[in-house]
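Chemist: could you look at this predicted model? Sequence included:
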Protein chains: 2
Amino acid sequence: MRATVIHNPRDVRLENVDDPRIQRPTDAVVRVVAACVCGSDLWPYRGVRRLSAPRRMGHEFVGVVEETGAEVTTVRPGDFVIAPFVLSDGTCVDCRNGITTSCRNGGAWGAPDRDGLLVDGGQGEFVRVAVADGTLVATPEMPDPAMVPSLLTLSDVMGTGHHAAVAAHVGPGSTVAVVGDGAVGLCAVLASKRLGAQRVVVFSRHVARQKLALEFGATDIIAERGAEGVARLTELLGGTGADAVLECVGTKEAMQQAIDATRPGGFVGYVGAPVGGAELPIGQLFGSNVNIAGGVAPVRTYLPELLGEVLDGTIDPGRVFDLELPLDEVVEAYEAMDSRRAIKSLVRP
Amino acid sequence: MRATVIHNPRDVRLENVDDPRIQRPTDAVVRVVAACVCGSDLWPYRGVRRLSAPRRMGHEFVGVVEETGAEVTTVRPGDFVIAPFVLSDGTCVDCRNGITTSCRNGGAWGAPDRDGLLVDGGQGEFVRVAVADGTLVATPEMPDPAMVPSLLTLSDVMGTGHHAAVAAHVGPGSTVAVVGDGAVGLCAVLASKRLGAQRVVVFSRHVARQKLALEFGATDIIAERGAEGVARLTELLGGTGADAVLECVGTKEAMQQAIDATRPGGFVGYVGAPVGGAELPIGQLFGSNVNIAGGVAPVRTYLPELLGEVLDGTIDPGRVFDLELPLDEVVEAYEAMDSRRAIKSLVRP
């Protein structure tokens, strides 16, 4: 089959690799219907995160189950399934606590598992899914093809934006600011609106993203960044910061802006994978009672709740995809996101 | 009058200073009935926090109102009052949000206010209280003298331990671990028990403090520290960390132990004033979804709720005082806490 492999910064290739097959009774093999490129895929692509060896890519995909191992009970061949961006067994103490990203028997896509058996990446034709029962979520029936992009966002960006909002205690009447106008930031807007936020302010200087943010429920856009952006927010909110600031980037600068934009006693909900060794300024946090909540989003936990609203048309997060390409053009899918020509790229094998 | 002044590390003196008087219509003058030494007073005492000039000391006291300015309406001469460890007006946006420690018109005891007028420290005979209406809380009637120590804890340590527990989302059924066996840590035990925690584990290697922790509701004591202490906790809790870890020290080591002791998705509630420039390890926090909540405790907000339970005898946090001295011996009150001979010292003018 064909699968995406990164060799070096800016060196992503579509290669012929072995077809996956069931290796354990808890495995499933899924034929990928759609996959996408993640903002975090750009860190190795840009060389910000180092690679020690070539690596299969893709951790967001939807597809159809081809085959299941003897012990798999929750999905069966022919099911349309959504794969969260981390594997999880659904039974360990951390999964039971809802933190499926800390699953003790889970793992990552595109990497060998504990026994050295490769779990394929999502940017390919087929994937061997380990701990399939805990990981995959099947739709009740084969979805309308037009719904595939929105279902695909439940693999990561929609669940991640939702995690930022939930971690930051967004609820009815909240004032919210969103740092980051990528797909996660835009989904965080949609999540905040859905949770009842009264005001959702987005920091963005990109016209197409501003437009989608407003369509997703943002009430205000701020083009300024850093201290200027915070001053503008404070002015908009009548002299104080936001109750909840959703940090959807992962850089030190974005985190600092998020902290500065939060009112005393408010929450930063952060979901951007931290790059550049940023640490948090505890003195400032202590003095202002700004709380830091979030982390790598346990999207598996949120999937059933969000899936229902995608299927009944309440939310349409798939609009974050503004580029769709065949898998053959996966290199362009990376380049378009890297240059910010695309908010988010979808690829179809 | 006599008041406590720190000049240099280990150089605390009881000095004769000017009697305070009403300077603004929103002031009150309070005769101090009891005051105490705070764990944070030990930072300048030990030279960990530098002093640029001599400073009046004491930010925890209770007393009787002697005189009030023309605009003061919530307390009157003769009232027994509790002073939170930070002044606050009760009307600004941050006070209305419950974060009285960020009050825009508040300030600190023992320091000049914005206009350069000294607000006295609590370790003296009298105190000029600015923004008296927002700051002071009067008891319904003159309390039994035996209740004074418990009322005095509402100035700081009981409200601060409670803040750690509230920030860490302690509730019915929670598993809690407490880092720090000083007065705040012990009050955090009492607060956790009161909020319904099912298990309260205290890190302590000090027999008298272990005993009081157990009397306050701790279910387990761990004498080990650092990685060994965390391993012991994980064993006690059946293989994972605590839902809530209350960090009541303020050092980098204590914060790291608290983070390591928290289960994925759990909360560190921290209230120890950070010393030594500790920053937070965002990579570890991101990966584990451990949330960091808390800060300088807005005890004024919690005072009415906790006062009721002190007055009706439900809680008796005053037991953290194991040394009581006349104000004349305030130097010994510091020395006893510094050498850990006393958990917490109370002084009476």
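Modeler: Perfect, thanks for sending it.
Chemist: so, low pLDDT: which residues of chain A?
Modeler: Low-confidence segments of chain A, defined by pLDDT under 70, span residues A:276-278.
Chemist: could you list the domains of it?
Modeler: Taking automatic domain parsing as the criterion, chain A consists of the domains A:2-156+A:298-348, A:160-294.
Chemist: out of those, which gets nearest to B:Leu346?
Modeler: With distances scored as Cβ to Cβ, the stretch of those nearest to B:Leu346 is domain A:160-294 (26.2 Å). C-beta here means a position set from N, CA and C on the backbone, and glycine is covered the same way.
Chemist: against A:Gly124, how distant is A:Ser52?
Modeler: A:Ser52 sits 21 Å away from A:Gly124, taking Cβ to Cβ, to the nearest Å as the criterion.
Chemist: these two: which has the busier surroundings?
Modeler: Neighbours were tallied for A:Ser52 and for A:Gly124 using other Cβ atoms under 10 Å in any protein chain shown; the higher tally belongs to A:Gly124 (29 against 5).
Chemist: please enumerate the strands of the stretch 1-150 of chain A.
Modeler: Using DSSP state E, counting those that start in this stretch, the strands found in the stretch 1-150 of chain A span residues A:2-8, A:11-16, A:28-36, A:55-56, A:61-68, A:80-83, A:111-112, A:118-119, A:126-129, A:137-138.
Chemist: now for the residue in the stretch 101-250 of chain A positioned nearest to chain B, how many residues are close by?
Modeler: Of all residues in the stretch 101-250 of chain A, A:Ser102 sits closest to chain B, with a separation of 3.7 Å (Cβ to the nearest Cβ). Applying other Cβ under 10 Å, we find 25 other residues in the vicinity of A:Ser102.
Chemist: from what I see, A:Gly173 and A:Gln198 are in contact.
Modeler: Yes - here A:Gly173 reaches A:Gln198: they are 4.8 Å apart, a contact under Cβ atoms under 8 Å.
Chemist: show me the contacts for A:Gly78.
Modeler: Contacts were defined as Cβ atoms under 8 Å, 6 or more residues apart in numbering or on different chains; by that measure A:Gly78 touches A:Val64, A:Val65.
Chemist: if I look at it, how far off is B:Asp328?
Modeler: Shown here: A:Gly78 relative to B:Asp328, a distance of 86 Å by Cβ to Cβ.
Chemist: A:Ala244 too?
Modeler: Going from A:Ala244 to B:Asp328 by Cβ to Cβ gives 51 Å.
Chemist: among those two, which residue is more densely surrounded?
Modeler: Counted by other Cβ under 10 Å, A:Ala244 and B:Asp328 do not tie: A:Ala244 has more neighbours, with 33 against 12.
Chemist: so that one is in which element?
Modeler: For A:Ala244, the enclosing helix or strand under DSSP states H and E is strand A:242-247.
Chemist: what parts of chain A come near chain B?
Modeler: A:93-94, A:97-99, A:101-102, A:167, A:238-240, A:255, A:263-265, A:270, A:273-274, A:277-283, A:285-296, A:298 (Cβ under 8 Å from any Cβ of the partner chain).
Chemist: ranges for the strands of the stretch 201-349 of chain A?
Modeler: In the stretch 201-349 of chain A, the strands defined using DSSP E, counting those that start in this stretch lie at A:220-222, A:242-247, A:262-270, A:279-280, A:291-294, A:323-326, A:345-348.
Chemist: skipping its backbone neighbours, what lies nearest A:Ala223 in space?
Modeler: Leaving aside its chain neighbours, A:Ala223 sits nearest to A:Arg205 (4.5 Å; criterion: Cβ to Cβ, 6 or more residues apart in numbering or on different chains).
Chemist: please tell me how far that neighbour sits from A:Glu228.
Modeler: As defined by Cβ to Cβ, A:Arg205 lies at a distance of 12 Å from A:Glu228.
Chemist: now do the shared contacts for those two.
Modeler: Contact criterion Cβ under 8 Å, 6+ apart; no residue bridges A:Arg205 and A:Glu228 by contacting each.
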